[in-house]
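# Could you work out the structure for the sequence below:
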Amino acid sequence: LYVVESGGGLVQAGGSLRLSCEAKGFNLDYYAIGWFRQVPGKEREGVSCLSSSDSVTYYADSVKGRFTISRDNAKNTVYLQMDSLEPEDTARYYCAADIRSWCGDSRYYRFLEVWGHGTLVTVSS
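Predicted structure coming up:
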């Protein structure tokens, strides 16, 4: 089981990017899936996630109103639409999934089953 992230890049402040995370080897329908980000020297931060039934959606306060998470089960892919990007959003963004319920509960983040290698987002001022 693994996931592959894509869509990162360099963008000016105020711009947009859409990250994609494609699940490989498992059916995303049954998994809670989300996005994390990390800057060197800082702790990993939970950005957004969706429960398996999409009944729970979580956004970090720092991205509320700017980022939107969605999934396309037919493509086995989850997306993170990032608008009004700020230099503070610069980080490596990781996708993670687990069949257990974890969305929005940071106690479980480090135990998630499937992690990608990340995609780098750089926002210039």
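
# Give the bridge partners for the residue nearest the centre of the chain, please.
Nearest to the geometric centre of the chain sits residue 35, at 1.8 Å (C-alpha atoms, centre = their mean). On the basis of DSSP bridges, residue 35 is bridged to residue 48, residue 95.

# what sits against it?
19, 21, 46-49, 69, 78, 80, 93-96 (C-beta atoms under 8 Å, 6 or more residues apart in numbering). In short, each C-beta sits where N, CA and C put it, glycine included.

# which of those lies closest to residue 120?
residue 93 (7.7 Å; C-beta to C-beta).

# Identify the residues contacting residue 72.
Residues near residue 72 by C-beta under 8 Å, 6+ apart: 78, 79.

# so how far is residue 23 from it?
Distance, residue 72 to residue 23, by C-beta to C-beta, to the nearest Å: 11 Å.

# Then residue 96?
In terms of C-beta to C-beta, residue 96 sits 11 Å off from residue 23.

# Could you tell me which residues touch both of the two?
Residues touching both residue 96 and residue 23 (C-beta under 8 Å, 6+ apart): 3, 33, 114.

# With neighbour count added, can I get those residues in a markdown table?
Putting the shared contacts of residue 96 and residue 23 into a markdown table (neighbours: other C-beta atoms under 10 Å) gives the following:
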| residue | neighbour count |
| --- | --- |
| 3 | 25 |
| 33 | 25 |
| 114 | 19 |
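
# my guess is residue 63 is in a helix, correct?
No: under DSSP: H, G, I helix; E, B strand; the rest coil, residue 63 sits outside any helix and is assigned coil.

# For it, which non-adjacent residue is spatially closest?
residue 47 (5.8 Å; C-beta to C-beta, 6 or more residues apart in numbering).

# tally of neighbours for that neighbour?
For residue 47, the neighbour count with other C-beta atoms under 10 Å is 23.

# Could I get the pLDDT score of it?
Predicted confidence (pLDDT) for residue 47: 98.

# for residue 73, same thing?
So, for residue 73, pLDDT stands at 89.

# doesn't residue 61 make contact with the residue nearest to residue 63?
No: using C-beta atoms under 8 Å, residue 47 is not in contact with residue 61, being 10.7 Å away.
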